[in-house]
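> Please find the sequence and the predicted model below.
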Amino acid sequence: MREDVDTCSDLLSKLKVMLTGFRSLPPLFEDTPNAVHELTLARDIYEHAVLLSVKIGDQDAFERDFFQLKPYYTDASRLPPSSQEYMILGLNLLRLLVQNRIAEFHTELELLSPAALENPCIKHAVELEQSFMEGAYNRVLSAKQTVPYKTYDYFMDLLAKTVRDEIAGCSEKAYDYLSISDASRMLLFSSDDELFQYIKEEHPEWEIKNGLVIFQKAKESAPCKEIPSLQLINQTLSYARELERIV
């Protein structure tokens, strides 16, 4: 697998160098006899580069390659439509969401046509952003089950981690400890084992003891008046379910 990825990366690098000899490409867009063929070839190469960056989990490479690809979607009007355009545009929106670049997310949306906004790939990203901003984290996590393409899983996994990190940060500020079952529910895990794995990888400073998840803050601070955490959690979850039902 690693050898295949390295081979693809080397080949794409050579192809990108080859493209520098085509004067029909951005930013010149010269009207050469083979312009349409050259533009189509270049677009295909950059699309493959973007998808490879997702495959290897390289967000910086994704951003560079998407930046080079974008003019072929926005300025090369002579080209026939690409079957991968909306999938890649949707991937870029997910990347911006994962990186919390919300202003850029909305700027990209404003550049899209009404027809593009109705595409499932774009709608998926828009609905995710709305759920994320509303704090409807359960909808964010469940959205992985309805991704338009398997390629989206990489960014969806990153987004799930972002969501759980956000909840974890709020939880350890608000509570000294939670029961294991409440912590699993708060962090939207389907089993305690998933919670234990998350703590091991992301928060080794937390302590699991006597059926409780004890946050670092509680271990470092002096004893203080206990917060009725279970009652607050149940109220919060109840309000969230009621709000989601109404909406």
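Received it, and whenever you're ready, just let me know what you need.
> and Val50, what does it touch?
62, 65-66, 69, 88, 91 (CB atoms under 8 Å, 6 or more residues apart in numbering). Using the backbone N, CA and C atoms, a C-beta is placed for each residue, glycine as well.
> 7 Å instead?
Val50 makes contact with 62, 65-66, 69, 88 under the criterion CB atoms under 7 Å, 6 or more residues apart in numbering.
> which residue sits closest to the residue nearest the centre of the chain, ignoring its sequence neighbours?
By CA atoms, centre = their mean, the chain has its centre lying nearest to Phe155, at 3.4 Å. Excluding its sequence neighbours, the residue lying closest to Phe155 (CB to CB, 6 or more residues apart in numbering) is Leu94, at 3.9 Å.
> quick one: pLDDT of that neighbour?
pLDDT recorded at Leu94 is 98.
> so it is in which element?
Element membership for Leu94, per DSSP states H and E: helix 85-98.
> now that helix: how far from the chain's centre is it?
Averaging C-alpha positions (CA atoms, centre = their mean, to the nearest Å) puts helix 85-98 8 Å from its chain's average.
> Give the other helices and strands that it contacts.
helix 35-56, helix 59-74, helix 102-110, helix 120-134, helix 153-174 (3 or more CB pairs under 7 Å, 6 or more residues apart in numbering; DSSP states H and E).
> Give me the next element, helix or strand, following the shortest one.
So the one you mean is helix 102-110. Following helix 102-110 in sequence, per DSSP H and E, is helix 114-117.
> buried ones in that next one?
Neighbour-count burial for helix 114-117 flags Ala116 (criterion: 16 or more other CB atoms under 10 Å).
> How about stretch 69-80?
Applying 16+ other CB under 10 Å to stretch 69-80 flags 69-73, 76 as buried.
> my read: the residue nearest to Phe155 touches Val126, true?
No. Counting by CB atoms under 7 Å, Val126 is not a contact partner of Leu94; they are 10.8 Å apart.
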